[in-house]
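Asker: Provided below are the primary sequence and the corresponding predicted coordinates.
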Number of protein chains: 2
Amino acid sequence: MRTQRLKAGASVVTEGQLVSECGVLISGYACRHKVAKDGGRQIVSFHVPGDLLDMQHLWLETADHNVQVITDANVAFVPVTALRQLVEDHPALGVALWRDSLLDASVFREWVLNVGRRDAKTRIAHMLCEFVARSEAAGLGGPSDQVIPMTQEHIGDATGLTPVHVNRMLRTLREEGALKGSGRDLQVADWKCLKQSAEFRGDYLHLAA
Amino acid sequence: MRTQRLKAGASVVTEGQLVSECGVLISGYACRHKVAKDGGRQIVSFHVPGDLLDMQHLWLETADHNVQVITDANVAFVPVTALRQLVEDHPALGVALWRDSLLDASVFREWVLNVGRRDAKTRIAHMLCEFVARSEAAGLGGPSDQVIPMTQEHIGDATGLTPVHVNRMLRTLREEGALKGSGRDLQVADWKCLKQSAEFRGDYLHLAA
DNA sequence: CGTCAAATTGACAAGGCTCAAGTGCCGTGG
DNA sequence: CCACGGCACTTGAGCCTTGTCAATTTGACG
């Protein structure tokens, strides 16, 4: 296992690449994304410290998407071979990892719903709610303690919207009192209000377990 | 293990439900979907005979989405407890199932991209390509042998479009020669042409393995 | 033959995109 | 210390893809 310090924007895994290590995010934030033929980028998940970044490479050798850090970050890389050995020796660990990959899938399903069926404002609010809820679960403090680390372009790429429209919707959410702080200092102003705008119910995160 | 014959539209699993059995689709077609607060339905995957319908319930006890058959179908149900025992006794089977759930997740990621970044025509074409490719992999014959089993409403629910617009786009794809057969008898007319309209590359299905 | 679900088509409305210009912040270098 | 450059944010105007509403047709089945 080796750890690596990465600068904001650095790439961890590239689509099509043969992968022999699984990354774990130690500090900083990351995202996974795919690129459409026209160059449009779609972010499929955000990650907070402690998250496993690409556990699927334990059993799928070629990457089907890109992993990138969105802030300066530290990432630990564990060789797939070592991980397989670990799982073989400790079945309970295997179950935990397997369960984690199922949680991942659950989040993806919610994203399909989010991007497919909700309007711009709700969509953005929902994405932010999920991020904040996951950060909190990772021990980074409550909703009001956190500063959202992504740019409006990231938010657009995650929600299938243009940065311009993201900006307009963020303004609306700010005017409604759900968010506060402009520019790169976005914060939750009223968690309950934001959740309501987002139609957010965290059940799909299966955190209670 | 018990098997059950289900009529088109019957529900297999409902969101929020505590699940103690995993379903396997023996014959017929199925889909998984979630519902937004405004009642809008988002289909997150389609399934062909042989697919595992809800393997995530092996490790997550409450369902975060609905499973429904879209044609008359036969479904086998395996108790979670038995499945866990099997996995414990036969680690290789566990790996196979785990890998399957990772494939599932890969498909979800592609759907996020599809719904988030592609225009209506491409989106529909892509969804159809995936379905046909998976059917072929399941041994149901080549692209030109298959009749697409879903209604235009299903297609709309899967792509985040209205049935009306799906209809318009299907007409266009038909006029371009990619599809043939109107109404409930939709078929692929020109696989290459359809793939091109869809910007389809099946890598994410990880079928080669 | 009647009924019902699904498909089809047209006219119009609207949410989100594009294009374009301008602002604020921050790090860098003179 | 200040000027500069770059990046992200902000805002406005007009357009286009897709949604909405509504009427009609088609096909399957009892």
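Answerer: Thanks, I have the structure now.

Asker: Show me the strands in chain A, by range?
Answerer: A:2-6, A:11-13, A:21-27, A:30-35, A:41-47, A:66-69, A:73-79, A:179-180, A:187-188 (DSSP state E).

Asker: tell me which parts of chain A are close to DNA strand D?
Answerer: A:151-153, A:163-164, A:167-168, A:170-171, A:182-184 (CB under 7 Å from any atom of the strand). C-beta coordinates here come from the backbone N, C-alpha and C atoms, glycine included.

Asker: Make a ChimeraX selection of the buried ones in those residues.
Answerer: The ChimeraX selection below is limited to those of these classed as buried (16 or more other CB atoms under 10 Å in any protein chain shown):
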select /A:152,167,170
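
Asker: So which of the residues of chain A next to DNA strand D reach DNA strand C?
Answerer: Okay, of the residues of chain A next to DNA strand D touching DNA strand C (CB under 7 Å from any atom of the strand), that's A:164, A:183.

Asker: got the residues of chain A next to DNA strand D as CSV, with distance to B:W191 and pLDDT columns?
Answerer: Shown next, in CSV, are the residues of chain A next to DNA strand D (distance: CB to CB, whole Å; pLDDT from 0 to 100):
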residue, distance to B:W191, pLDDT
A:T151, 40, 96
A:Q152, 40, 97
A:E153, 37, 97
A:P163, 37, 97
A:V164, 38, 98
A:N167, 42, 97
A:R168, 42, 97
A:L170, 43, 97
A:R171, 46, 96
A:S182, 51, 79
A:G183, 49, 78
A:R184, 47, 82
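
Asker: Among the residues of chain A next to DNA strand D, which ones are in helices?
Answerer: Using DSSP state H, the members of the residues of chain A next to DNA strand D that fall within helices are A:152-153, A:163-164, A:167-168, A:170-171.

Asker: Tabulate those (a markdown table), appending distance to chain B.
Answerer: Output for these, formatted as a markdown table (distance: CB to the nearest CB, whole Å):
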| residue | distance to chain B |
| --- | --- |
| A:Q152 | 16 |
| A:E153 | 14 |
| A:P163 | 14 |
| A:V164 | 16 |
| A:N167 | 18 |
| A:R168 | 18 |
| A:L170 | 18 |
| A:R171 | 22 |
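
Asker: which pair in those residues spans the largest distance?
Answerer: A:E153 and A:R171 (15.9 Å; CB to CB).

Asker: Spatially nearest residue to A:G23 (excluding sequence neighbours)?
Answerer: Setting aside the residues directly before and after it, A:G23 is nearest to A:L53 in space (CB to CB, 6 or more residues apart in numbering or on different chains), at 3.9 Å.

Asker: what's the distance between the residue sitting nearest the centre point of chain A and DNA strand C?
Answerer: In chain A, the centroid-proximal residue (CA atoms, centre = their mean) is A:F46; its distance is 1.2 Å. With distances taken as CB to the nearest atom of the strand, to the nearest Å, A:F46 is found 19 Å from DNA strand C.

Asker: right, is the longest helix anywhere in chain A up against DNA strand C?
Answerer: As assigned by DSSP H, the longest helix anywhere in chain A is helix A:91-117. No. Helix A:91-117 lies out of reach of DNA strand C by CB under 7 Å from any atom of the strand, never closer than 10.4 Å.

Asker: Packing partners of that helix?
Answerer: Helix A:91-117 is packed against strand A:41-47, helix A:80-89, helix A:120-137, strand B:30-35, strand B:41-47, helix B:91-117, with contacts defined by 3 or more CB pairs under 8 Å, 6 or more residues apart in numbering or on different chains; DSSP states H and E.

Asker: mind putting the ones you listed in TSV, mean pLDDT and distance to B:E130 included?
Answerer: Shown next, in TSV, are the helices and strands packed on helix A:91-117 (pLDDT from 0 to 100; distance: least, CB to CB, whole Å):
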stretch	mean pLDDT	distance to B:E130
strand A:41-47	98	16
helix A:80-89	96	27
helix A:120-137	98	23
strand B:30-35	98	13
strand B:41-47	98	8
helix B:91-117	97	7
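
Asker: Which residue ranges make up the domains of chain A?
Answerer: For chain A, automatic domain parsing gives the domain ranges A:2-89, A:119-205.

Asker: quick one: terminal-to-terminal distance for the first one?
Answerer: When the termini of domain A:2-89 are compared using CA to CA, to the nearest Å, they are 21 Å apart.
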